[in-house]
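K.L.:
Okay, sequence plus prediction incoming.
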Amino acid sequence: MSEKAPWITYRPELKVLDCTIRDGGLINNHQFTDELVRAVYDTCIAAGVDAMEIGYKNTERLFAKSDFGPWRHCDEEDMRRVVGDHDAEKTGLKLSAMADAEKSDWKEKIIPATDSVLDMIRVAFYAHQVSEAVEMIHHCHEMGYETMANLMAVSNISETEIDTVLEAIRPTPAGTMVIVDSFGYLYREQIDMLYRKYSEAMEGTGKEIGIHAHNNCQLAFANTLEAIILGSNRADATMMGLGRGAGNCPMELLLGFLRNPKFKLRPVIKLLQEYIEPLKDSVEWGALVPYNITGQLNLHPRAAMQFRAGPDKDDYVKFYDSIVSDI
């Protein structure tokens, strides 16, 4: 076989970010134990993963500490309790948190990077929030952080809106512009179109293109691979696909595909067996039928999540009829 074939995927510049605790926390209000968070941290280091997103930097005004675990806020004392005096140079792992536009007290809560265990802030925003997102990116950069720009729900806005966002992000110091399939709706041809659009808009800036895929239509892994084959050098994944609703691209599949000898799969498999699989006794995620339905209809999975929490959670026809009637 040709060594130039697209399945030969070794690329040393391609970096993987684990967002198990940040995205996975959306299924249990970020109430993971310190032991589990530390286990994910240790696994990322042992497996050669490049970055770990430990949670959100979101405001207590909207996410009360009485209702949400520490990984919704990522206060410095909580992070240090688990990772100690984390040093990216020593561990080879960068620590990240996500700050949402309109949901984060970023001017007060994002302290200088020299005083934090965090190395990176990922700014998440919807198209109508791009002005604030630009401010946030500049602020975090001035505080000494690496930054990424995550435009959410890209499947649900017009090409004109996408172009406007890309034009606004282009001159910012964000190192990566991420394609985010929030609803798990996109398929290969749409990933192709978006990758071309994003990469052309960022040409000459030095920015990388990232991919963050959800699994509502069981395409998270495939869409991540498509973006990588096209040239994306930043890919998100979670352990066993742990994440909101249908979940995300599974880390164990992604690392196995990348063929980079620096990635070690055994630590991930051990984590899955000892920590992630047991979570299924208390929380639910995965590409279940209600999530398939919302994905195919390009809808936020919140309705499916609410339905799965109710008494008729396995009455798929009832859910389908209710969703279709609302369209």
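P.N.:
Thanks, I have the structure now.

K.L.:
Tell me how many other residues crowd the nearest residue to Ser116 once chain neighbours are set aside.
P.N.:
Nearest non-adjacent residue to Ser116, counting by Cβ to Cβ, 6 or more residues apart in numbering: Glu76, 6.1 Å away. Every residue, glycine included, has its C-beta placed from N, CA and C. Residues within reach of Glu76, counting by other Cβ atoms under 10 Å, total 13.

K.L.:
go on, Asn150?
P.N.:
As a measure of burial, Asn150 has 24 neighbours, counting by other Cβ under 10 Å.

K.L.:
Please report how far Glu252 lies from Ala246.
P.N.:
17 Å (Cβ to Cβ, to the nearest Å).

K.L.:
hmm, back to that, wouldn't the residue nearest to Ser116 be in contact with Ile111 here?
P.N.:
Yes. Between Glu76 and Ile111 a contact is recorded at 7.1 Å, counting by Cβ atoms under 8 Å.

K.L.:
Helices along the stretch 1-150 of the chain, start to end?
P.N.:
20-24, 34-47, 76-83, 88-91, 106-109, 130-142 (DSSP state H, counting those that start in this stretch).

K.L.:
So for Arg302, which of the ones you listed sits nearest?
P.N.:
helix 20-24 (14.8 Å; Cβ to Cβ).

K.L.:
buried set for that closest one?
P.N.:
For helix 20-24, the neighbour count (16 or more other Cβ atoms under 10 Å) marks 20-24 as buried.

K.L.:
and Ile209, that one's in a strand?
P.N.:
Yes. Assessed with DSSP: H, G, I helix; E, B strand; the rest coil, Ile209 lies in a strand.

K.L.:
Mind listing the residues bridging to it?
P.N.:
Met177 (DSSP bridges).

K.L.:
Thought Gly175 was touching it, still the case?
P.N.:
No. Assessed by Cβ under 8 Å, Ile209 is found out of contact with Gly175, at 10.9 Å.

K.L.:
Look at those two and report which has more neighbours.
P.N.:
Shown here are Ile209 and Gly175; by other Cβ under 10 Å, Ile209 has more neighbours (22 against 19).

K.L.:
OK, contacts around that one?
P.N.:
176-179, 195, 198-199, 202, 227, 231-234 (Cβ atoms under 8 Å, 6 or more residues apart in numbering).

K.L.:
In ChimeraX, select just the buried ones from the residues you listed.
P.N.:
In ChimeraX, a selection of the buried entries from the contacts of Ile209 looks like this (16+ other Cβ under 10 Å):
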select :176,177,178,179,195,198,199,202,227,232,233,234
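
K.L.:
Tell me which of the contacts of Ile209 fall in strands.
P.N.:
Under the assignment DSSP state E, the contacts of Ile209 contribute 176-179, 234 to strands.

K.L.:
returning to what we had before: name the residue in Glu252 and Ala246 with the higher neighbour count.
P.N.:
A side-by-side neighbour count of Glu252 and Ala246, using other Cβ under 10 Å, places Ala246 first with 26 against 19.

K.L.:
For Ile191, see how far away the more buried one is.
P.N.:
Taking Cβ to Cβ as the measure, Ala246 falls 17 Å from Ile191.

K.L.:
what about Leu168, which SS state?
P.N.:
In this structure residue 168 is Ala, not Leu. Look at Ala168: counting by three-state DSSP, its state is helix.
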